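[1] pasting the sequence and the predicted coordinates here, then a few questions.
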Amino acid sequence: MSVPVSQMWAVASYVLRQRLRGRRRYPLVLMLEPLFRCNLACAGCGKIQYPPQILRKHLTVEQCLKAVDECGAPMVSIPGGEPLMYPEIGRLVRELVARKKYVYLCTNAILLKDKLAEGLFTPSRYLSFSVHMDGLREEHDDAVCREGVYDVALEGIREALRRGFRVTTNTTLFDGASPVRMQMFFDEMMDVGVEGMMLSPGYSYAKAPDQEHFLRRQKTHELFRKMLEHPKRRWKFNQSPLFLQFLMGKQDFECTPWGNPTYSIFGWQRPCYLLQEGYAETFDELMATTAWDRYGRASGNPRCQDCMVHCGYEPTAVNHTFGSLRGFRDTVVATVTGKL
Amino acid sequence: MAGESAETSLEGWAPVVGADASLAEIIERAFDYRGDVTVIRHDGSQFVGYLFNRDAHAPEPFVQMFDRNGAGPFTIPYAKIAAIRFTGKDTAAGKSYEAWIRRKGEAAPADTTPDAARGA
């Protein structure tokens, strides 16, 4: 695992505080979507297909910060849309870092080199560029439906590392992914020098055009087992090892849909980052009025049966780590030995 | 009713409330639709925009919309809605993975044409 100790401590102490307060449901990562506009149109993305007037809209920095304060999660992930197209991304990140939030700026990195040259960002332990990389050149360019993006993203990653920024990658895996090619990809990212990698199987958004290629649960287990059964020591993952074990079929978790609440121009999204079943005006309203028992595998909701995505299950893994001796032991063993 | 696969669309659908579907069902379709709709009120007035939210379980059920210029959100109670027409372009239509593969396939032969065949 490659999560810095300071970040691990911030998350651990936050979780313990919530548990001591007896909070049954609490957020871990705020998914803050300041805009839906993007400079790519990936086949697996259901976020970008809105009419022009919606794509032109974005949150103000003040709206973003209000959401951050309402939510109180120690980590803020900024997906979108492409956040580097957000006109006030520099100011937003500065404000979040000043609040000591651990920020993952999720970018396709097409604009990263230019934005770094503009001096929009300052290296900080609180800021990580989480670069979207769906595999080696061929797989990535296929996933983003444009040739040449892999090379541009790699240039951006190298430039960010050269300037002293934390850089991680986030990879969504679809049906047909080759375990061997993915292992080559892990090697390549480690050679480039990224701090860690994040993996997740894709989810079949109702709006995503590529319904055929999303992984089903059994296939997910098989793929992740083949990829990670004998992980190299040099592979660093910027996520809970228990979540990776879950993807391999070695842990049985239930979804925590409130773990990564999502805020956008529409408000607080019910019930999770993936399902769009409506919006609440405030975070409290989201938590109090969402029928949480209708979601997750145990609920029987057909839309949740095959979902194994990080935004629902990584919070479960983190809670398991700090909520049970077995979970803590498994996490320590995986972290120390590098075995999953 | 129009199909819902990635290659078909509700664009242009003008359902008759009660005959084609209930108002609540049409609102659900409009909520799922990635394009502007026209909401026709009982008083005859119309509102055109993107319907992004609805709550059928609120004490007074409502929809929320941004208008064609992105202003809003505007709230309209179910009770004031007479009909909804799917008048805007479906911005999700024709953007399927299969369409991307087809486009790629169409582009590939040109790239692999032998130089001799190009008259080089």
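    Ah, there it is. Only a predicted model underlies this, so the values are computations on that prediction, with no experimental measurement involved.
[2] contacting residues around A:Pro257?
    A:271-272, A:292, A:295-296, A:312 (C-beta atoms under 8 Å, 6 or more residues apart in numbering or on different chains). Bear in mind the C-beta positions are built from the backbone N, C-alpha and C, glycine included.
[3] would you check which pair of those residues lies furthest apart?
    A:Trp292 and A:Gly312 (11.6 Å; C-beta to C-beta).
[4] now for the longest helix seen in chain A, which elements pack on it?
    Across chain A, the helix with the greatest residue count (assigned by DSSP state H) is helix A:5-20. Helix A:5-20 sits against strand A:102-107, helix A:310-323, with contacts defined as 3 or more C-beta pairs under 8 Å, 6 or more residues apart in numbering or on different chains; DSSP states H and E.
[5] what's the following helix or strand after it?
    Under the assignment DSSP states H and E, the closest C-terminal helix or strand after helix A:5-20 is strand A:29-32.
[6] so how far is that following strand from its chain's centroid?
    9 Å (C-alpha atoms, centre = their mean, to the nearest Å).
[7] distance of B:Thr38 relative to chain A?
    13 Å (C-beta to the nearest C-beta, to the nearest Å).
[8] helix, strand or coil for that residue?
    strand (DSSP: H, G, I helix; E, B strand; the rest coil).
[9] that one reaches B:Ile81, doesn't it?
    No - counting by C-beta atoms under 8 Å, B:Thr38 does not reach B:Ile81; the two are 10.9 Å apart.
[10] tell me which of the two has more neighbours.
    Shown here are B:Thr38 and B:Ile81; by other C-beta atoms under 10 Å in any protein chain shown, B:Ile81 has more neighbours (21 against 16).
[11] need the helices and strands packed on helix A:5-20 in CSV (columns: mean neighbour count and distance to chain B).
    What follows is the helices and strands packed on helix A:5-20, written out as CSV (neighbours: other C-beta atoms under 10 Å in any protein chain shown; distance: least, C-beta to the nearest C-beta, whole Å):
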stretch, mean neighbour count, distance to chain B
strand A:102-107, 24, 21
helix A:310-323, 23, 20
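[12] pipe these into TSV and attach mean pLDDT per row.
    Listed next are those as TSV, based on pLDDT from 0 to 100:
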stretch	mean pLDDT
strand A:102-107	98
helix A:310-323	92
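[13] columns distance to B:Ala30 on top of the ones you listed, output as TSV?
    Output for these, formatted as TSV (distance: least, C-beta to C-beta, whole Å):
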stretch	distance to B:Ala30
strand A:102-107	30
helix A:310-323	27
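[14] who wins for proximity to A:Arg146 among these?
    strand A:102-107 (15.0 Å).
[15] going on from the closest one, what's the next piece of helix or strand?
    helix A:112-117.
[16] which residues touch that following helix?
    Helix A:112-117 is contacted by residues A:84, A:89-90, A:121, A:129, A:131, A:153, A:155-157, A:159-160, A:163, A:165 when judged by C-beta under 8 Å, 6+ apart.
[17] what about it, average pLDDT?
    Averaging pLDDT along helix A:112-117 gives 98.
[18] buried set for it?
    A:112-113, A:115-116 (16 or more other C-beta atoms under 10 Å in any protein chain shown).
[19] likewise stretch B:20-27?
    Here stretch B:20-27 shows B:21, B:23, B:26-27 as buried, counting by 16+ other C-beta under 10 Å.
[20] and stretch A:59-68, by the same measure?
    Buried, per 16+ other C-beta under 10 Å, within stretch A:59-68: A:59, A:61, A:64-65, A:67-68.
[21] can you tell if it touches chain B?
    No - against chain B, stretch A:59-68 shows no contacts by C-beta under 8 Å from any C-beta of the partner chain, the least distance being 12.6 Å.
[22] contacts made by that stretch with the rest, please.
    Contacts of stretch A:59-68 (C-beta under 8 Å, 6+ apart): A:30, A:32-35, A:76, A:88, A:91-92, A:95-96, A:99, A:101, A:263-265, A:268, A:283.
[23] distance from that stretch to the middle of the chain?
    That offset, for stretch A:59-68, works out to 20 Å (C-alpha atoms, centre = their mean).
[24] only alpha carbons, please: show it as PDB.
    Written as PDB, here are the backbone C-alpha positions of stretch A:59-68 (Å, rounded to 0.1, in the frame of the first residue of the first chain):
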ATOM      1  CA  LEU A  59     -20.300  25.200  -9.300                       C
ATOM      2  CA  THR A  60     -18.800  28.300  -7.700                       C
ATOM      3  CA  VAL A  61     -15.800  27.800  -5.400                       C
ATOM      4  CA  GLU A  62     -18.100  28.900  -2.500                       C
ATOM      5  CA  GLN A  63     -20.700  26.200  -3.400                       C
ATOM      6  CA  CYS A  64     -17.900  23.600  -3.400                       C
ATOM      7  CA  LEU A  65     -16.500  24.700   0.000                       C
ATOM      8  CA  LYS A  66     -20.000  24.800   1.500                       C
ATOM      9  CA  ALA A  67     -20.500  21.200   0.400                       C
ATOM     10  CA  VAL A  68     -17.100  20.300   1.800                       C
END
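[25] so for that stretch, mean pLDDT?
    Looking at stretch A:59-68 alone, the average pLDDT works out to 98.
[26] ok, now stretch A:200-218?
    Stretch A:200-218 comes out at a mean pLDDT of 65.
[27] same check, this time on stretch A:298-309
    Mean predicted lDDT for stretch A:298-309 stands at 91.
[28] who touches the helix or strand harbouring A:Gly90?
    Take DSSP H and E as the rule and A:Gly90 turns out to sit in helix A:89-98. Here helix A:89-98 makes contact (C-beta under 8 Å, 6+ apart) with A:34, A:61, A:64-65, A:68, A:76, A:78, A:83, A:86, A:103, A:105, A:115, A:120-122, A:124, A:126-127.
[29] A helix includes A:Gly278, no?
    No - under three-state DSSP, A:Gly278 falls outside any helix and is assigned strand.
[30] thinking again about what came up before, quick one, which of the helices and strands packed on helix A:5-20 is nearest to A:Arg216?
    helix A:310-323 (15.4 Å).
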